[in-house]
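*Asks:* Sharing a model prediction with you, sequence too.
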Amino acid sequence: GSVTINHTTNFTSPINITGSGGTDTLIAANRPNAWVIDSVGTGYTGRLNEDGALGTRIRFFGFENLTGGNLADSINLSVLPTVNLATAGFSGIESLIGNGTNSLQARNNPTNDWVIDGLNSGTLNNGAADGVSFTGFNRLVGGTNTDNFRFDTSGRLTSIDGGTGTNTNTLTVNGANGSLMTLGAGSFSASGFGPVGYSRINTVTANSGGATDLAGINVTNLVVNSTGNITDSAAFSVASLTLNTPTGTITLVNQDSIAGGTFTANAISLTTNNGIGPLNTTTATLDVNNRISGLVDITNSGTVSASVINAGNINFTNNNGTVTVRQLNAYGGRGNPNRGDGSYGGDIFLVVTGGSVHTADASPSTANPVIVAQNFTGFVLDGNFGERGKPMSVMVKQRFDLRTRGAYYLFGVPPPLDVNINADLSLSYDSIGFNGRLLEIDSLGEFDPAIFTEIRNYYYEDVAIMLPADQRLDGADEEEKDEQKEGKL
């Protein structure tokens, strides 16, 4: 049965209310109420407003369900190690109180939203009909569906458990400014506290006010927004990875491979063993070294200085900016890249839009090629490949295939077996400068001063161009010299 308390003023002495032994409900008056649970047996035994400050001084025995009034109700559950709201029988009670060691489990709602904003305290489904605040609970457990946990900068407790849901549970951690955030395998530390344990969490979003250490975190999805540098003190396992630190750096050195994701940083440095990508980056400085095997597949946005080394194939795309190449090395950076025998390890596929490709080498030479590959395919459709006086030094074993507006290049020895260059202007250099291998220009204004022997069929502003007599070879001069050799003149 049920008992409803309508009396809202003080009783002259405490009264006792006992349940029937079946399933009983005690309904409090429409006023602020303070409940205290003393024990659980056949129903709850406890007190309601016993201190007299709120009025009625009721003691109850054997009630399975407790219902609050229409104002603020709190309930002290310190004697219960675990409180499961799905089976507790509470309704109309807005505040739950524990002793600092209690566990709180959510109802099986389609979605539960937890906010931890103090020591062992926070809210669950704030603003909803069944929403509650809690304090003194150091372990939180989700329901059977989706649970979202959010730690504010002052939030701290012992552990959270996503529950037996559909593996869509999320954890958001907001770190204080200037503090290190550490994301480990099943735990995190932030804002000077921790570690906080977590389990059955699918997606973690870390908003760090300082540096962030990916210290072995193992989740499906990870998003890090950091105001400081992002590093990895241990190998992590993340299927989808988003790292953002626009003014900081990303340095990852303990990964066997990086499956993919999106990285934004002032500088990015990645050292792996068995492949990277497909990875999207936005950075001004990119350093990649994949040391053993696998594909390196990276797409960058914006102007970048890049060094990409792999003992295998490299796919590198850069959109909306110029690429300054320190190295594109598919040989793995091992041994002598100038060898003339055998495979160079892998192929390079390069696409650059909205910019050119330059070399970072102030004095390009065949001794230090910046591009090394078995085969090279490049598309630089909006700019040039190399610069006048600073050609791209290339060591390619088999096929060199390039489409660009202007090509300035220096081939190592031996040169590629097959060369296909589609360019408006193509200049080939050797160790002493332009070597005349191929020259196609549309105006003298494009021509870089160099040593050359002849200009044919060229007019500039309708004026024929001809070399001085002692530097040109025309038909008459050839016949005269031939006759001299034969003794005819």
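*Replies:* Looks like it came in fine.
*Asks:* give me the beta-bridge partners of A206?
*Replies:* V173, V224 (DSSP bridges).
*Asks:* What's the separation between N221 and D256?
*Replies:* 19 Å (CB to CB, to the nearest Å). For the C-beta atoms, the positions are set from N, CA and C on the backbone; glycine is no exception.
*Asks:* Comparing these two, which residue is more hemmed in?
*Replies:* Higher neighbour count among N221 and D256: N221, with 16 against 12, using other CB atoms under 10 Å.
*Asks:* For the more buried one, pull up the helix or strand it's in.
*Replies:* strand 218-226 (DSSP states H and E).
*Asks:* now for that strand, which elements pack on it?
*Replies:* Packing partners of strand 218-226 (3 or more CB pairs under 8 Å, 6 or more residues apart in numbering; DSSP states H and E): strand 181-184, strand 203-208, strand 212-215, strand 237-252.
*Asks:* will you turn those into CSV that also has mean pLDDT?
*Replies:* As requested, the helices and strands packed on strand 218-226 are exported to CSV (pLDDT from 0 to 100):
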stretch, mean pLDDT
strand 181-184, 96
strand 203-208, 96
strand 212-215, 97
strand 237-252, 96
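*Asks:* would you turn those into TSV with distance to F400 and mean neighbour count?
*Replies:* TSV is the format used below for those (distance: least, CB to CB, whole Å; neighbours: other CB atoms under 10 Å):
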stretch	distance to F400	mean neighbour count
strand 181-184	44	24
strand 203-208	44	22
strand 212-215	39	24
strand 237-252	32	18
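*Asks:* Can you lay out the ones you listed as CSV showing distance to W35?
*Replies:* Listed next are the helices and strands packed on strand 218-226 as CSV, based on distance: least, CB to CB, whole Å:
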stretch, distance to W35
strand 181-184, 38
strand 203-208, 36
strand 212-215, 43
strand 237-252, 44
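*Asks:* which phi and psi does N375 have?
*Replies:* Backbone geometry at N375, expressed as degrees, to the nearest 10, gives phi -140, psi 150.
*Asks:* Just confirm it contacts L402, I think it does.
*Replies:* No: the criterion here is CB atoms under 8 Å, and N375 misses it with L402 at 11.6 Å.
*Asks:* Local confidence estimate at L467?
*Replies:* The model reports L467 with a pLDDT of 45.
*Asks:* and what of A367?
*Replies:* Value for A367, per-residue pLDDT: 85.
*Asks:* Need the residue closest to the centroid of this protein.
*Replies:* Taking CA atoms, centre = their mean as the criterion, T242 is the residue nearest the geometric centre of the chain, at 2.1 Å.
*Asks:* got a list of what it touches?
*Replies:* L222, V223, V224, G261, T262, F263 (CB atoms under 8 Å, 6 or more residues apart in numbering).
*Asks:* How about V323?
*Replies:* V323 is in contact with T303, V304, S305, A306, V352, G355, S356, V357, H358, counting by CB under 8 Å, 6+ apart.
*Asks:* before we move on, what about S91?
*Replies:* N65, L66, T67, G68, D130.
*Asks:* Could you measure from N329 over to V308?
*Replies:* Using CB to CB, one gets 7 Å for the distance from N329 to V308.
*Asks:* Check L80 too.
*Replies:* 58 Å.
*Asks:* Name the residue in those two with the higher neighbour count.
*Replies:* Per other CB under 10 Å, whichever of L80 and V308 has more neighbours is V308, with 25 against 18.
*Asks:* which residues touch the more buried one?
*Replies:* L286, V288, V296, I298, I314, F316, Q327, L328, N329.
*Asks:* Can you read off the pLDDT for K485?
*Replies:* pLDDT, read off for K485, is 50.
*Asks:* err, D448, not the other one
*Replies:* Reported pLDDT for D448: 47.
*Asks:* cool, the one 5 residues further on as well?
*Replies:* T453 carries a pLDDT value of 42.
*Asks:* quick one on the thing from earlier: now neighbour count and pLDDT too, for the contacts of V308, in a markdown table please.
*Replies:* Output for those, formatted as a markdown table (neighbours: other CB atoms under 10 Å; pLDDT from 0 to 100):
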| residue | neighbour count | pLDDT |
| --- | --- | --- |
| L286 | 24 | 98 |
| V288 | 25 | 97 |
| V296 | 28 | 97 |
| I298 | 24 | 98 |
| I314 | 27 | 97 |
| F316 | 25 | 98 |
| Q327 | 21 | 94 |
| L328 | 27 | 95 |
| N329 | 27 | 93 |
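*Asks:* Where does pLDDT dip in the protein?
*Replies:* Within the chain, the ranges that satisfy pLDDT under 70 run 7-12, 51-56, 167, 332-344, 431-489.
*Asks:* about what we covered before: closest to I37 out of the helices and strands packed on strand 218-226?
*Replies:* For the helices and strands packed on strand 218-226, the distance to I37 is smallest for strand 203-208, at 34.8 Å, taking CB to CB.
*Asks:* Quick one: list the elements packing against that closest one.
*Replies:* Applying 3+ CB pairs under 8 Å, 6+ apart, we find strand 203-208 packed against strand 170-174, strand 181-184, strand 187-190, strand 218-226.
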